[in-house]
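Colleague: okay, sequence plus prediction incoming.
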Amino acid sequence: MKIRADFVTNSSSSSFVSLSINSPKLVETIEKIRESISSYEKYFKISGNNFDYYINFDEIGGPNLFSDGFPKNVEEVIRFVFGELLGGVRIEDETVKEIVADTKEISMDGSGFDEADSVEGTLSYKNGKLKVKVSHDN
C-alpha cells in the first residue's frame with residue numbers, strides 16, 4: 001500500500017479526503033466505467049490493485065462532504081467512493097458485496113461537514129480488522 005507524503009493538515013476549516021484502497025475488484029469495476037468518470041481522473045490513480053484518491057474540496061469549492069456521515073465500515077467506504085468521490089455512479093448491490101469481500105486494505109482520512117457540524121475521521125482496514133475514529137465539532 002502506498003502512503004501519501006503530501007498529507008493535508010486536518011483542521012475543522014478544511015474539507016478533504018485522502019483514501020487508498022487495495023482491491024482488485026474495485027480497480028476492475030472502476031476500469032469498466034472509467035470513460036464515464038473521466039472528469040474525476042485528476043483526483044485518483046490506479047496502480048496494480050490499488051486505488052488512491054485525494055481531493056481538497058476547499059480548493060475547488062466542493063460540496064458538503066460528509067452529509068451522510070463519515071463512513072464507518074468497508075461497505076460505506078465503497079458506496080462513498082462511487083456515490084460521492086466519483087460523481088454519483090450507480091453500482092449494483094451485488095457488485096458492492098463483491099468489492100467488499102475482495103478488499104484487502106483501506107486507509108482513509110477526511111475532514112468536512114455533515115448536517116450539523118464539522119466532522120473529522122480516520123478509517124483503517126487491514127487483515128479483516130477495522131478501526132474507525134470520528135469526531136464532531138459544533
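Modeller: Perfect, I can see it now.

Colleague: any idea what residue 105 is bridged to?
Modeller: Residue 105 has these beta-bridge partners by DSSP bridges: residue 22, residue 126.

Colleague: quick one: it from residue 39, how far?
Modeller: As judged by C-beta to C-beta, to the nearest Å, residue 105 and residue 39 stand 27 Å apart. Using the backbone N, CA and C atoms, a C-beta is placed for each residue, glycine as well.

Colleague: over to residue 15?
Modeller: Following C-beta to C-beta, the distance that separates residue 15 from residue 39 is 19 Å.

Colleague: the more surrounded of these two?
Modeller: residue 15 (25 against 9; other C-beta atoms under 10 Å).

Colleague: my read: the more buried one touches residue 111, true?
Modeller: Yes - using C-beta atoms under 8 Å, residue 15 is in contact with residue 111, at 6.0 Å.

Colleague: quick one: the helices in this protein, in order.
Modeller: 24-33, 57-60, 74-80, 93-102 (DSSP state H).

Colleague: low-confidence stretches in this structure?
Modeller: Residue ranges of the chain with pLDDT under 70: 1-13, 58-65, 67, 114-116, 138.

Colleague: switch to 50 and redo it
Modeller: 1-12 (pLDDT under 50).
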